[in-house]
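predicted model and sequence below, questions to follow.
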Amino acid sequence: SQTFPRCKDATNNKEFVVSGKETYRKQTIKHLKDNPRVYKWIPPARSSQGETVDVKKPTDITYRNQISAKTMKIELECNKIWENICARRNIPRKIHQMFLSHGTTLPTLYTLPKTHKITGDINKVRLEDLKVRPIVSCSDSPTEKVGILTAHLITPLLKFLPMNMMNIHGHINTLNSVSKESLAGYQFYTADVSALFTNVNIEMCITNILDFAHEHWHEINTLGLKLIDLKDLLEVGLYNAFFTFNQRLYWQVQGVFMGYCPSPPAAIIRLARCEMNSLYTDAHYIDNPILGLYSRYVDDTGFVAKTKSEALRICAIIARADVDKNIKWEVEYPEEGEYTPFLDTEIKITADGEVLSRYYRKPANKGITLHFNSHHPETTKTAVARNYYKTARDVSSGGEQLEHSLEMVDTLLNKNGYTTPRKFDIPGTTRHKAKRPNRNDVVTLCLPYTTKYDSNRIRNFIKSKNYPITPIFTPGKSLRNILCNSRPLDKTKCTRFNPKLCKVCPKIIKGQC
């Protein structure tokens, strides 16, 4: 029913938000209506006397037929593009069949509330008024397979971008590589691009990707494809930006889906082109070694400046390079002597140019991680705890900062049932798994995890018999798996009215779906 409560993840805070389905529906529709330049509702239409007119009184069947027709059209278009590429490049039939789409459904929109954006008393905030992050799930969509192939081609290009961070802690190494004298007088600040995915221009994205791919085409694995093939894959995947919500058809007019495989590298490359055409050609910075400190992880940027006005000027230079003027920055410049949060670290540059860094978690973070009493193997819990301590040590500059980071991890693990968390902190050691002999006949056996005793008995039995089996023990469902549903209003239904083609109910009688 519409009043049945729905659980959903909140962004960044690792928490759940429980709401009624009707509240969730209103909240999402409000987001769609508040962004008319991004989203457009497509009403059902029919042909009348050679013209296309809207259906005056559409029914649920009308909407289902509309969605089904659009799905089939995009599916046929994707398959046609892929078949043409296979014919041009003599792709083996097995690979050809692998990337054909059949029996797909349109992408579905769902939203995650931004609880970390709440200011003031959370009890006085209405769920309908919460800002949300829109995500379009492209799982089992007509463009999913070509999207996976496209992402495989363009993602390796990111390593050639001078500002792109391949490692989320790379900015610390970069800052530490600069002498104190060069950093003296500077402050580390961060800037975040507002709604990067929905503000990039698709046409410019494709153009920038093709230009950049042309420069490095012989340095990446192209799978035997050519630039014209990449162009076809990008266009069919990014221009067919249709999705459903609450059994209604929508079109994302601007930007790329957050949830489509090629979207992250496409948005990163588009923003990188703006940076290259502005900051990297600016007369003040082109020969300045400080430019090498400019780093960005997707839409989060870290750089140094002597004043806040200089930081705002740098962001303005990059924003002007966007032809659509859609790039908007949110700049966080520190007060004198304060740390600046960036990803999961805090950075401060002292007056004499020394870089201080430590571990960071947002104040709104609820401190939820894998609980010590959860139904997971002991090795998994140990690995989680050790990784927290390893990260704390890796990002800390030493002394006072290291102790601050370790105490933060202590608090987190204590809250989640680890009574003596420091026993997992083993500095300077790296666990190496013993190498197993290569055997082509080894198979993987997935079993549900029950207890450590049962797991060890199974492993020992397989080892004693020298069976060519590698057992993997999978944990049970988490609360997220049980409670959260990304498609509460768009569950997969039979839209073909043919039990033989239906993926949901192949054994029931036609018409009883």
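In hand now; what should we look at?

can you tell me the SS state at Arg37?
coil (DSSP: H, G, I helix; E, B strand; the rest coil).

that one and Cys446: what is the separation?
For Arg37, the distance to Cys446 equals 47 Å [Cβ to Cβ, to the nearest Å]. Yep, even glycine has a C-beta here, placed from its N, CA and C like the rest.

before we move on, what about Asp300?
36 Å.

now do the contacts for the closest residue to Asn199 other than its chain neighbours.
Leaving aside its sequence neighbours, Asn199 sits nearest to Asn326 (Cβ to Cβ, 6 or more residues apart in numbering; 3.9 Å). Neighbouring residues of Asn326 by Cβ atoms under 8 Å, 6 or more residues apart in numbering: 199-201, 254.

pLDDT at Asn326, what is it?
Residue-level confidence at Asn326 comes out at 93, pLDDT.

in three-state terms, label it for me.
Reduced to three states by three-state DSSP, Asn326 is coil.

sorry, back to before: now the contacts of Asn326 in CSV, with neighbour count?
Formatted as CSV, the contacts of Asn326 follow (neighbours: other Cβ atoms under 10 Å):
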residue, neighbour count
Asn199, 23
Val200, 28
Asn201, 17
Gln254, 17
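
which parts of the stretch 101-250 of the chain are strands?
Using DSSP state E, counting those that start in this stretch, the strands of the stretch 101-250 of the chain run over residues 108-113, 132-137, 187-193, 242-245, 248-252.

any stretches of the chain with poor pLDDT?
Per-residue confidence for the chain (pLDDT under 70) gives these ranges: 1-14, 117, 119-123, 428-440, 486, 491-513.

longest helix of it?
helix 60-89 (DSSP state H).

name the helices or strands packed onto that one?
helix 93-98, helix 144-154, helix 227-239, strand 242-245, strand 248-252 (3 or more Cβ pairs under 8 Å, 6 or more residues apart in numbering; DSSP states H and E).

returning to that earlier point: more neighbours: which of Asp300 and Cys446?
Asp300 (17 against 9; other Cβ atoms under 10 Å).

give me phi/psi at the more buried one?
phi -100, psi 120 (degrees, to the nearest 10).

again with the one 10 residues further on
Its backbone dihedrals place Glu310 at phi -70, psi -40, with angles given as degrees, to the nearest 10.

and the strands in the stretch 251-400 of the chain?
Counting by DSSP E, counting those that start in this stretch, the strands of the stretch 251-400 of the chain are 295-297, 300-305, 329-332, 340-342, 345-349, 355-359.

for the stretch 401-513 of the chain, same thing?
Under DSSP E, counting those that start in this stretch, the stretch 401-513 of the chain gives strands at 443-448, 469-474.

chain center to the first one, what's the gap?
In terms of Cα atoms, centre = their mean, to the nearest Å, the gap separating the centre of strand 443-448 from the centre of its chain is 29 Å.

also stretch 336-356?
The answer for stretch 336-356 is 27 Å, by Cα atoms, centre = their mean.

may I see the buried residues of it?
Residues of stretch 336-356 classed as buried by neighbour count (16 or more other Cβ atoms under 10 Å): 339-340, 342-343, 345-349, 355-356.

pick out the most distant pair among these.
Across the buried residues of stretch 336-356, no pair lies farther apart than Leu343 and Ile349, at 16.8 Å, counting by Cβ to Cβ.

so which of the strands of the stretch 401-513 of the chain comes closest to Lys366?
strand 469-474 (25.9 Å).

alpha carbons of that closest one, as CSV, please.
Taking Å, rounded to 0.1, in the frame of the first residue of the first chain, the C-alpha atoms of strand 469-474 are listed here in CSV:
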residue,chain,number,x,y,z
ILE,A,469,37.7,-26.7,-4.9
THR,A,470,38.0,-23.3,-3.4
PRO,A,471,35.3,-22.7,-0.8
ILE,A,472,33.9,-19.2,-0.4
PHE,A,473,31.6,-18.4,2.5
THR,A,474,29.1,-15.6,1.9
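
give me the helices and strands touching that strand, please.
Checking 3+ Cβ pairs under 8 Å, 6+ apart, strand 469-474 ends up next to strand 443-448, helix 452-465.

out of these, flag the one nearest Lys26.
strand 443-448 (39.4 Å).

could you check the angle the closest one makes with strand 469-474?
30 degrees (axes from the mean of the first three to the mean of the last three Cα atoms, to 10 degrees).

so what strands line up beside strand 443-448?
strand 469-474 (parallel) (DSSP bridges).

list the buried residues in the partner strand.
Here strand 469-474 shows 469, 473 as buried, counting by 16+ other Cβ under 10 Å.

how far away from the center of its chain is that strand?
29 Å.

same check on stretch 310-329?
For stretch 310-329, the distance to the chain centre is 24 Å (Cα atoms, centre = their mean).

span of it from start to end?
14 Å (Cα to Cα, to the nearest Å).

so which of the contacts of Asn326 sit within helices?
Per DSSP H, the subset of the contacts of Asn326 in helices is Asn199.

to Ser19, which of the strands of the stretch 401-513 of the chain lies closest?
Comparing the strands of the stretch 401-513 of the chain under Cβ to Cβ, the one sitting nearest is strand 469-474, at 30.3 Å.

residues in contact with that closest one: which ones?
377, 442-449, 455, 458-459, 462.

the inter-axis angle of it versus helix 452-465?
Using the same axes, to 10 degrees: strand 469-474 against helix 452-465 is 170 degrees.

re earlier: okay, the helices and strands packed on strand 469-474 in TSV with distance to Phe473 next?
As requested, the helices and strands packed on strand 469-474 are exported to TSV (distance: least, Cβ to Cβ, whole Å):
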stretch	distance to Phe473
strand 443-448	6
helix 452-465	5
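
can you pull the contacts of Asn201?
254, 270, 322-324, 326.

picking that back up, next, the buried residues of the longest helix of the chain.
63-64, 66-68, 70-71, 74-75, 77-79, 81-82, 85-86.

and for stretch 305-321?
305, 310-312, 314-315, 317-319, 321.

kindly report the same for stretch 18-37.
Buried, per 16+ other Cβ under 10 Å, within stretch 18-37: 19, 21, 23-25, 27-28, 31-32, 35.

CA atoms of that stretch as PDB?
This file holds the C-alpha atoms of stretch 18-37, laid out as PDB (Å, rounded to 0.1, in the frame of the first residue of the first chain):
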ATOM      1  CA  VAL A  18      12.200   5.400   7.000                       C
ATOM      2  CA  SER A  19       9.300   7.000   5.200                       C
ATOM      3  CA  GLY A  20       5.900   6.100   3.800                       C
ATOM      4  CA  LYS A  21       5.700   5.400   0.100                       C
ATOM      5  CA  GLU A  22       3.400   8.300  -0.500                       C
ATOM      6  CA  THR A  23       5.900  10.700   1.200                       C
ATOM      7  CA  TYR A  24       8.700   9.200  -0.900                       C
ATOM      8  CA  ARG A  25       6.700   9.600  -4.100                       C
ATOM      9  CA  LYS A  26       5.900  13.300  -3.300                       C
ATOM     10  CA  GLN A  27       9.500  14.000  -2.300                       C
ATOM     11  CA  THR A  28      10.900  12.600  -5.600                       C
ATOM     12  CA  ILE A  29       8.200  14.200  -7.800                       C
ATOM     13  CA  LYS A  30       9.000  17.500  -6.100                       C
ATOM     14  CA  HIS A  31      12.600  17.100  -7.100                       C
ATOM     15  CA  LEU A  32      11.600  16.400 -10.700                       C
ATOM     16  CA  LYS A  33       9.400  19.500 -10.800                       C
ATOM     17  CA  ASP A  34      12.000  21.700  -9.200                       C
ATOM     18  CA  ASN A  35      14.400  20.900 -12.000                       C
ATOM     19  CA  PRO A  36      12.500  21.500 -15.200                       C
ATOM     20  CA  ARG A  37      15.600  22.200 -17.200                       C
END
